[in-house]
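Visitor: what's the 3D shape of this:
(one chain, ligands or ions: 2)
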Amino acid sequence: KIPVIIDCDPGTDDTIALIMALASDKLDVKAITTVAGNQTAEKTAVNGLKIVSFLDKSVPVARGAEKPIMRPLVTAGHVHGESGMAHVELPEAKIEYLSTKAWDLFYEMSIKNDEKIHLITLGPLSNVAIALMKYPTLKNGISRITMMGGSIGYGNDTPAAEYNIFADPEAAKIVFESGIPITMVGLDCTHKAWLTKNEIESMGDSSKQNGVWLAKEMMQHIHEFASRFNFEGAIMHDPSAIAAAIDPTLIQTEDYFVTVETKGDYTTGKTVVDTMRVTGKKPNTQVATEMDRERFVDLLRGLIKSYEI
Ligand code: BDR
Ligand code: CA
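Guide: Ligands and ions are numbered 1, 2, ... in the order given. Model prediction:
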């Protein structure tokens, strides 16, 4: 099993990603850390706790940054709803946050325990950047960062930038330039990981309030949201990063040097990917370009179905 920490901002698609990760026998989820992003730090933390508690898993949850490291917070409530979890109201959590902050937990669980951690990030990179600034040796304790974020070409939050990078570009730049091996699961890949209405239906029996029900509610919400823009498919951004960590053969990657624009008039938050190798800089990132959609859907279905009761 791969020891992982999942840093996230739940979040409708983060919720599906957590449901997957917590069911996988390939991942040993050591902790879940939350960050302000899709919603405020308070809401994403409460959602993280509620999800773990609802799924009856014993995984610690720690809170992180209240805002991006140098900018005010831009949430995505128009996509994920007022609570961050669309229309779903989960019961109050039966567990509490750790008193340790996300960045201290990264350090304690990797460097102090002498166990390299694979970090999966599904939100803005504020927590990871704070950790790298606070603990210069932390990079030796992280085997890889699999990140949902960025893209080679277009953006989804601005014409140039994907949301997770746009929300905290300075943090993302620190992470890309840290020297830690990165797999960037960006829009080039996640836009190939969509679900049809029938596929959502096929995820399992959701007649009881279980993980299948929660995943399907989120998927349906994402599907409806996309159809408002005339796209008939629910794009699974964050679940793609979990899938890539579970089974790297699902994605295709190319090695490039990547950094982040932080000062553009129109392009702040854009991941600048040196596809033509004009900088002469050594590649620092495996950039995911393809997703094997059929196998992705099968993996997703298998994991979600394991919650059937
Ligand atoms: C990313 O932005 C967030 O709104 C989603 O949860 C996902 O992490 C997609 O651009
Ligand atoms: Ca997210």
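Visitor: which residue sits closest to Lys173 in space, ignoring its chain neighbours?
Guide: Distances taken as C-beta to C-beta, 6 or more residues apart in numbering place Val260 nearest to Lys173, at 4.2 Å, with adjacent residues excluded. C-beta: built from backbone N, CA, C; applies to glycine.
Visitor: ramachandran coordinates for that neighbour?
Guide: In this entry, Val260 is assigned phi and psi values of phi -130, psi 140 (degrees, to the nearest 10).
Visitor: which parts of the stretch 201-309 of the chain sit against ligand 2?
Guide: If contacts are counted using C-beta under 5 Å from the ion, the residues of the stretch 201-309 of the chain sitting beside ligand 2 are Asp238.
Visitor: strands of the stretch 101-250 of the chain, start to end?
Guide: 117-121, 142-148, 182-185, 194-195, 234-235 (DSSP state E, counting those that start in this stretch).
Visitor: pretty sure Ile174 sits against Asn127.
Guide: No: if you go by C-beta atoms under 8 Å, Ile174 and Asn127 don't touch, sitting 11.4 Å apart.
Visitor: between these two, which has more neighbouring residues?
Guide: Asn127 (31 against 20; other C-beta atoms under 10 Å).
Visitor: pLDDT score for that one?
Guide: Among the per-residue scores, Asn127 holds a pLDDT of 98.
Visitor: by mean pLDDT, flag the weakest helix or strand of the protein.
Guide: For the chain, using mean pLDDT, DSSP states H and E, the weakest element among its helices and strands is helix 77-80, scoring a mean of 90.
Visitor: anything in whichever helix in the chain runs longest near ligand 1?
Guide: Scanning the chain for the longest helix, with DSSP state H as the assignment, gives helix 211-227. No: using C-beta under 6 Å from any ligand atom, helix 211-227 never reaches ligand 1; the gap is at least 9.6 Å.
Visitor: which neighbouring elements make contact with that helix?
Guide: Packing partners of helix 211-227 (3 or more C-beta pairs under 8 Å, 6 or more residues apart in numbering; DSSP states H and E): helix 12-23, helix 41-54, strand 194-195, helix 197-201, strand 234-235, helix 293-305.
Visitor: can we see that at 7 Å?
Guide: helix 12-23, helix 197-201, strand 234-235, helix 293-305 (3 or more C-beta pairs under 7 Å, 6 or more residues apart in numbering; DSSP states H and E).
Visitor: quick one, grab the pLDDT at the residue in the stretch 151-300 of the chain positioned nearest to ligand 2.
Guide: With C-beta to the ion, the shortest gap between the stretch 151-300 of the chain and ligand 2 falls at Asp238, namely 4.8 Å. At Asp238, the model reports a pLDDT of 98.
Visitor: how much space between the most centrally placed residue in the chain and Gly81?
Guide: Most central in the chain under C-alpha atoms, centre = their mean is Leu122, positioned 1.5 Å from the mean C-alpha point. Distance of Leu122 to Gly81, given as C-beta to C-beta, to the nearest Å: 17 Å.
Visitor: circling back to that earlier point, winner for burial among the helices and strands packed on helix 211-227?
Guide: Mean neighbour count (mean count of other C-beta atoms under 10 Å) peaks for helix 12-23 among those, with a mean of 27.
Visitor: now that one against strand 142-148, angle please.
Guide: Counting by axes from the mean of the first three to the mean of the last three C-alpha atoms, to 10 degrees, helix 12-23 lies at 140 degrees to strand 142-148.
Visitor: for helix 12-23, enumerate the helices and strands it packs against.
Guide: The contact analysis (3+ C-beta pairs under 7 Å, 6+ apart) places helix 12-23 against strand 2-8, strand 27-34, helix 211-227, helix 237-246, helix 293-305.
Visitor: I'd like these as TSV, with distance to Asp114 appended.
Guide: Formatted as TSV, the entries for the helices and strands packed on helix 12-23 read as follows, by distance: least, C-beta to C-beta, whole Å:
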stretch	distance to Asp114
strand 2-8	11
strand 27-34	13
helix 211-227	33
helix 237-246	21
helix 293-305	30
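Visitor: nearest to Glu115 among the ones you listed would be which one?
Guide: Distances from Glu115 to each of the helices and strands packed on helix 12-23 were compared using C-beta to C-beta; the minimum, 5.8 Å, belongs to strand 2-8.
Visitor: what's that closest one in contact with?
Guide: With C-beta atoms under 7 Å, 6 or more residues apart in numbering as the contact definition, strand 2-8 has outside contacts at 14, 17-18, 21, 26-35, 48, 102, 106, 109, 115, 117-123, 127-128, 245.
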